[in-house]
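Colleague: Dropping a prediction and its sequence here:
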Amino acid sequence: MLDIDDQTKSAERILAFRDEQGDVAQDFVQAVADAIDAGDADRAQELVRPLHEADQGALIEALPADVRARLIELLGDVFDFAALTEVDDSVREELLEELPTETVIEGVKDLESDDAVYILEDLDKEDQDEILEGLPATERIALQKSLDYPEDSAGRLMQTELVAVPPFWTAGQTLDHLHATEDLPDSFFEIFVVDPGHRLLGQIFLDKLVRSPRIARVDTLMNTERRRVHATDDQEQVARVFERYNLVSAPVVDEAERLVGVITIDDVVDVIQEEADEDVKALGGVSSEEELSDRVATIARSRFVWLFVNLITAFIASAVLGLFEGQLQKMVALAVLAPIVASQGGNAATQTMTVAVRALAVRELGAGNALRVTLRESFVGLINGIGFGLLTGLVASIWFHDWNIGLVICIAMLVNLVAGALGGILIPLTLEKFGADPAVSSGVFVTTVTDVVGFFAFLGIATLWFGLS
């Protein structure tokens with residue numbers, strides 16, 4: 001047992017892991033790297049033992065790639081394999097390839113089932129089978145069953161370790177069972193009540209259980225109205241259920257309503273962060289799989305597709321300019337002002353598109369309110385179009401000493417901001433209807449619409465107004 005001085009030193013080591021900005025302290029990383037180079041397992045364990053699994057993961061990412069696996073081997077039992085759930089996918093995959101299979105098997109044995117599935121699910125089937133074969137039969141069967149569920153489903157997210165009791169037990173029997181059982185989940189919030197077929201009847205939170213008389217039967221204490229999720233439910237749907245009903249945990253049942261696992265709030269927080277990360281990347285045309293730790297070639301290849309699509313749409317917008325080549329040569333002001341109209345429409349459309357994509361993602365926008373939201377965004381575009389049209393027209397009139405050019409750009413600005421608002425809402429809705437991901441695809445098409453409409457409206461109106469030919 002640590003004395004007070006040892007505890008103080010351990011606390012200092014934990015604090016020293018982060019610098020004043022909250023980043024991994026470079027002197028700490030260097031100390032660990034020096035211990036790895038020297039093969040000093042005792043020193044490495046002394047430094048890493050006090051760290052939380054999340055900090056161990058941050059340390060791994062901060063180390064050079066060629067020493068990460070060596071650190072894990074030096075740490076032995078001190079290394080918490082749950083730290084591998086805290087690192088980028090590419091880092092985890094590289095580590096699992098480098099580490100001996102026996103090391104991975106021993107590490108997975110100590111994990112809760114949800115963390116074990118998270119680590120195993122991205123491996124090749126051959127590597128999965130090799131690791132599963134090294135696990136005890138009960139763990140192997142449970143993990144294999146979770147891996148058989150669809151990707152990004154509740155079955156992949158749940159942990160199978162839980163406490164279930166029959167309805168005829170008393171509160172006293174249940175508490176005695178908890179005291180006598182060694183193989184309990186590391187943390188849990190509730191006791192589940194199941195029938196002989198393991199179908200879920202209800203659940204009891206621990207605080208209610210410990211406050212109840214020992215002679216009270218659990219079927220009189222259980223709550224039968226608590227929300228449950230099905231193993232095949234998508235993880236986004238699960239996250240919405242947790243958010244809507246303020247859940248801390250939720251039972252997972254199969255198609256026969258048999259209890260198969262439980263999902264806790266810490267896993268749902270990861271899902272929310274993951275889905276938000278995917279949506280932000282998708283709006284920028286970046287693959288959801290891209291990580292900061294990826295290689296240059298991998299990143300360049302993943303970004304190429306949408307850059308190529310954007311190039312094609314840029315040629316389409318340029319072709320519109322080509323239709324008015326003669327007019328542009330006759331009036332330089334048109335060439336100077338045309339990009340302003342297109343740019344302002346693109347910005348307005350992006351604002352609308354961001355709201356629409358987010359609303360579609362959280363199921364706030366659908367057939368029931370699509371018309372109302374479209375009309376609302378159209379009126380917003382109209383109001384902003386009038387305001388910015390008048391402002392831009394005034395500036396253009398003063399700039400080029402011609403009120404006619406101001407009037408033309410004012411009308412074009414109004415047209416393009418309304419078009420941008422309509423495009424920003426209708427394009428995501430259309431893509432969603434046809435099964436495409438609006439977060440990934442909307443940006444390029446919306447930009448094309450505002451560029452084409454902006455250039456065509458401004459130059460077309462100018463041609464009619466000034467009689468250019």
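Modeller: Noted; the coordinates are in hand. Numbering: from 1, shown residues only.

Colleague: which stretches of the stretch 151-300 of the chain aren't confidently modelled?
Modeller: 276-296, 298-300 (pLDDT under 70).

Colleague: can you count the residues close to residue 193?
Modeller: Residue 193 has 25 neighbours, counted by other CB atoms under 10 Å. (Each C-beta comes from the backbone N, C-alpha and C, glycine too.)

Colleague: hang on, it is in a helix, isn't it?
Modeller: No - counting by DSSP: H, G, I helix; E, B strand; the rest coil, residue 193 is not part of a helix but strand.

Colleague: I'd guessed it sits against residue 168; true?
Modeller: No - with contact defined as CB atoms under 8 Å, residue 193 and residue 168 do not form a contacting pair (9.8 Å).

Colleague: Touching both of the two, which residues are there?
Modeller: Listed as contacting both residue 193 and residue 168 by CB atoms under 8 Å, 6 or more residues apart in numbering are 218, 219.

Colleague: Helix or strand: which one has the residue nearest to residue 409 when sequence neighbours are not counted?
Modeller: Leaving aside its chain neighbours, residue 409 sits nearest to residue 396 (5.0 Å; criterion: CB to CB, 6 or more residues apart in numbering). If you go by DSSP states H and E, residue 396 is part of helix 370-400.

Colleague: Residue ranges of each domain in the chain, please.
Modeller: Domains of the chain are assigned by automatic domain parsing as 4-156, 164-281, 296-466.

Colleague: any idea how far the last one is from the chain center?
Modeller: So that's domain 296-466. The chain centre lies 29 Å from the centre of domain 296-466; the measure is CA atoms, centre = their mean, to the nearest Å.

Colleague: And for the shortest one?
Modeller: Using CA atoms, centre = their mean, the mean C-alpha position of domain 164-281 is found 24 Å from that of the whole chain.

Colleague: For residue 120, which residues are in contact?
Modeller: 108, 128, 131, 132, 143, 147.

Colleague: Surely the first one touches residue 119?
Modeller: Right, residue 108. Yes - Residue 108 lies in contact with residue 119 (CB under 8 Å); the separation is 6.7 Å.

Colleague: contacting residues for the spatially most central residue of the chain?
Modeller: Centroid-nearest residue in the chain, with CA atoms, centre = their mean: residue 274, separated by 1.7 Å. Listed by CB under 8 Å, 6+ apart, residue 274 has no contact partners.

Colleague: What separation do you get for it and residue 425?
Modeller: Distance of residue 274 to residue 425, computed by CB to CB, to the nearest Å: 26 Å.

Colleague: Correct me if wrong, but residue 22 is in a helix.
Modeller: No - assigned with three-state DSSP, residue 22 falls outside any helix and is coil.

Colleague: pLDDT value on it, please?
Modeller: Residue 22 is assigned 76 on the pLDDT scale.

Colleague: Report the separation between it and residue 55.
Modeller: Residue 22 is 11 Å from residue 55, by CB to CB.

Colleague: With neighbour numbers in mind, choose between the two.
Modeller: Shown here are residue 22 and residue 55; by other CB under 10 Å, residue 55 has more neighbours (19 against 6).

Colleague: Helix or strand: which one has the more buried one?
Modeller: helix 53-62.

Colleague: Quick check: mean pLDDT of that helix?
Modeller: 91.

Colleague: Give me the three-state assignment for residue 261.
Modeller: Applying three-state DSSP: residue 261 is strand.

Colleague: mind listing what's buried in stretch 449-465?
Modeller: 449-463 (16 or more other CB atoms under 10 Å).

Colleague: Helices of the stretch 51-200 of the chain, residue ranges please.
Modeller: 53-62, 68-75, 89-98, 101-109, 113-120, 125-133, 137-147, 154-157, 171-180 (DSSP state H, counting those that start in this stretch).

Colleague: Could you dump the ones you listed into TSV with distance to residue 435 added?
Modeller: As requested, these are exported to TSV (distance: least, CB to CB, whole Å):
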stretch	distance to residue 435
helix 53-62	36
helix 68-75	40
helix 89-98	26
helix 101-109	36
helix 113-120	28
helix 125-133	28
helix 137-147	26
helix 154-157	22
helix 171-180	48
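
Colleague: Could you say which of those helices is packed most deeply?
Modeller: For those, the largest average neighbour count (mean count of other CB atoms under 10 Å) is found in helix 154-157, namely a mean of 25.

Colleague: contacting residues around that one?
Modeller: Contacts for helix 154-157 (CB under 8 Å, 6+ apart): 114, 117-118, 121, 145-150, 229-235, 238, 252, 260-261, 263, 267, 271.

Colleague: List buried residues within these.
Modeller: Using 16+ other CB under 10 Å, the buried ones in the contacts of helix 154-157 are 114, 117-118, 145-147, 149, 229-231, 233-235, 238, 252, 260-261, 263, 267, 271.

Colleague: isn't residue 382 right up against residue 414?
Modeller: Yes - using CB under 8 Å, residue 382 is in contact with residue 414, at 7.4 Å.

Colleague: Specify which residue of these two has the higher count of neighbours.
Modeller: Between residue 382 and residue 414, counted using other CB under 10 Å, residue 414 has the larger neighbour count: 23 against 14.

Colleague: tell me which element the more buried one falls in.
Modeller: With DSSP H and E as the test, residue 414 turns up in helix 403-433.

Colleague: Tell me which other helices or strands the helix or strand just after that helix touches.
Modeller: Downstream of helix 403-433, the first helix or strand assigned by DSSP H and E is helix 438-466. Here helix 438-466 touches helix 265-283, helix 296-323, helix 325-330, helix 332-361, helix 403-433, going by 3 or more CB pairs under 8 Å, 6 or more residues apart in numbering; DSSP states H and E.

Colleague: Quick one: list the elements packing against the longest one.
Modeller: Spelled out, it's helix 403-433. If you count contacts as 3+ CB pairs under 8 Å, 6+ apart, helix 403-433 packs onto helix 332-361, helix 370-400, helix 438-466.

Colleague: quick one: contacts for the residue nearest to residue 140 when sequence neighbours are not counted?
Modeller: Sequence neighbours aside, residue 132 is the residue nearest to residue 140 in space, at 4.9 Å (criterion: CB to CB, 6+ apart). Residues near residue 132 by CB under 8 Å, 6+ apart: 120, 140, 143, 144.

Colleague: I am finished for the moment; much appreciated.
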